[in-house]
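>>> how does the following fold in three dimensions:
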Amino acid sequence: MVLEILTPEKKIFSGDVYGVILPGIGGSFEVLDKHAPMVSALKAGTVKILTNKTTSQTYTIQSGFAEVINNKTTVLIEGAEEN
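Got it, this is the predicted structure:
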């Protein structure tokens, strides 16, 4: 699955990943390969990028939105900081 994390200023992350865990406004949720299309609002919190089954990296984000379509997840956020 392809993941892109974008802020108004720059691209934070772009690449192939195993999955991603996002802080939705109704609770955290995980997006994996071939996930059904969806759009979700995000609250401030932690994004965990699963680069493979054993490796991950995290970012602290401000609020935003996530879109999943055609095996690509695009995360649009106000700001992010790598942990």
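
>>> secondary structure class for the residue sitting furthest away from the middle of the chain?
Farthest-out residue of the chain from its mean C-alpha position, per CA atoms, centre = their mean: residue 54, at 17.4 Å. Three-state call for residue 54 (DSSP: H, G, I helix; E, B strand; the rest coil): coil.

>>> tell me the contacts of it?
Residues counted as contacts of residue 54 (CB atoms under 8 Å, 6 or more residues apart in numbering): none. Just so you know, the C-beta spots here come from the backbone N, C-alpha and C atoms, and that holds for glycine as well.

>>> which residue ranges of the protein form strands?
Listed in chain order, the strands found in the chain under DSSP state E are 2-6, 11-16, 19-24, 27-32, 38-42, 45-50, 56-61, 64-69, 72-77, 80-82.

>>> now tabulate the ones you listed in a markdown table and tack on mean pLDDT.
A markdown table is the format used below for the strands of the chain (pLDDT from 0 to 100):
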| stretch | mean pLDDT |
| --- | --- |
| strand 2-6 | 97 |
| strand 11-16 | 96 |
| strand 19-24 | 97 |
| strand 27-32 | 96 |
| strand 38-42 | 97 |
| strand 45-50 | 97 |
| strand 56-61 | 95 |
| strand 64-69 | 97 |
| strand 72-77 | 97 |
| strand 80-82 | 90 |
